[in-house]
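Peer 1: quick one, what's the 3D model for this:
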Amino acid sequence: MNKQILPDRHSSDTKSVQVEQMFDSISPKYDLLNRIMTLGTDKGWRRKAIKMLEPLHPKIILDIATGTADFAIEALLLQPERIIGIDISNKMLEIGRQKIKSLHAEQTIILQTANSEAIPFENNYFDAITIGYGVRNFENLAIGLQEIYRVLKPGGALVILETSQPTSWWQKFCVNLYTTKIVPLIGRLVSNNGIAYKYLIQSAQNFPYGEAFVQILKQQNFKTTTCTPLLFGVSSIYFASK
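Peer 2: Coordinates of the predicted model:
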């Protein structure tokens, strides 16, 4: 598994506690920063990921690390009966609930505080599970994936949108220059928390991507695993089924 990257390596708190505190602190500017740093492409990528689930017609969907509920809201396109979003950051969830209320979607999308490594639902409960830029924040990747497998119905699908890295040297050089120099500056100016965005970059650079992550999914018994690179590979969509 990948080396664990912490928001504050000097803190005695666990990674999940540190991540919770970090996202609480940047929650007011999180959506704005995502749009700035991805030049607005994140919304299109989420829609592309959601469309992968259309053939399954899922009725009950779980969105893990839902944050401000962008992925959960995008899943409304599938016209499910219920979407449940879970996250450890209450302040992110508060913003998500405001967005859901503005869309009059409270009867369909329910947000609640929960940890991805202890999902509070019974076995084989969900038709589909989505995760947008949250897997690399798991404290224990293997346990998190085991929990996802447990609550996913046989025949159900998992779709993950996560950062990855380009394959060509010049694309990797440009992306690394942008993410290591410009993104922390934007984060510091807009959110007044450059440390948080430094952590997000380090965790992205450290996370196994492409075929390496496909193999990790297979090790946790997922099948039909695929990886779809986006924008020269700066992000990828992973699809897996149970």
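Peer 1: name the helix or strand of this structure that has the lowest mean pLDDT.
Peer 2: The helix or strand of the chain with the poorest confidence is helix 183-191; it has a mean of 71 (mean pLDDT, DSSP states H and E).
Peer 1: what residues does that helix touch?
Peer 2: Helix 183-191 is contacted from outside by 25-26, 28-30, 32-33, 36-37, 193-194, 196-198, 200-201, using CB atoms under 8 Å, 6 or more residues apart in numbering. Using the backbone N, CA and C atoms, a C-beta is placed for each residue, glycine as well.
Peer 1: closest one of those to I61?
Peer 2: Lowest distance from I61 to those (CB to CB) belongs to Y30, with 21.7 Å.
Peer 1: for that closest one, report the pLDDT, please.
Peer 2: Looking at Y30, its pLDDT is 80.
Peer 1: next one, pLDDT for the residue lying farthest from the centre of the chain please.
Peer 2: The C-alpha centroid of the chain is most remote from W170, which lies 26.7 Å away (CA atoms, centre = their mean). Here the pLDDT value assigned to W170 is 75.
Peer 1: ok, L39 next?
Peer 2: Per the predicted model, pLDDT is 69 at L39.
Peer 1: which other helices and strands contact the host helix or strand of A240?
Peer 2: Counting by DSSP states H and E, the element that carries A240 is strand 235-241. Strand 235-241 is packed against helix 41-51, strand 152-163, helix 211-219, strand 223-230, with contacts defined by 3 or more CB pairs under 8 Å, 6 or more residues apart in numbering; DSSP states H and E.
Peer 1: who does that strand pair with, and is each partner parallel or antiparallel?
Peer 2: In the sheet, strand 235-241 lines up against strand 152-163 (antiparallel), strand 223-230 (antiparallel) (DSSP bridges).
Peer 1: okay if I get the ones you listed as CSV plus mean pLDDT and mean neighbour count?
Peer 2: Compiled in CSV, these are given as follows (pLDDT from 0 to 100; neighbours: other CB atoms under 10 Å):
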stretch, mean pLDDT, mean neighbour count
strand 152-163, 96, 20
strand 223-230, 94, 15
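Peer 1: any stretches of this structure with poor pLDDT?
Peer 2: Low-confidence regions of the chain, defined here as pLDDT under 70, cover residues 1-13, 37, 39, 179, 187, 191-194.
Peer 1: show me where the protein has strands.
Peer 2: Listed in chain order, the strands of the chain (DSSP state E) span 60-64, 82-87, 109-113, 126-132, 152-163, 223-230, 235-241.
Peer 1: mind putting these in TSV, distance to K101 included?
Peer 2: Shown next, in TSV, are the strands of the chain (distance: least, CB to CB, whole Å):
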stretch	distance to K101
strand 60-64	17
strand 82-87	14
strand 109-113	10
strand 126-132	20
strand 152-163	25
strand 223-230	30
strand 235-241	29
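Peer 1: thinking again about what came up before, want to throw the helices and strands packed on strand 235-241 into a markdown table with distance to I64?
Peer 2: Listed next are the helices and strands packed on strand 235-241 as a markdown table, based on distance: least, CB to CB, whole Å:
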| stretch | distance to I64 |
| --- | --- |
| helix 41-51 | 13 |
| strand 152-163 | 9 |
| helix 211-219 | 14 |
| strand 223-230 | 17 |
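Peer 1: for I86, give the beta-bridge partners.
Peer 2: I64, Q112.
Peer 1: next one: it from V17, what distance?
Peer 2: 16 Å (CB to CB, to the nearest Å).
Peer 1: neighbour count: the two, which is higher?
Peer 2: With neighbours defined as other CB atoms under 10 Å, I86 and V17 compare such that I86 has more, 22 against 14.
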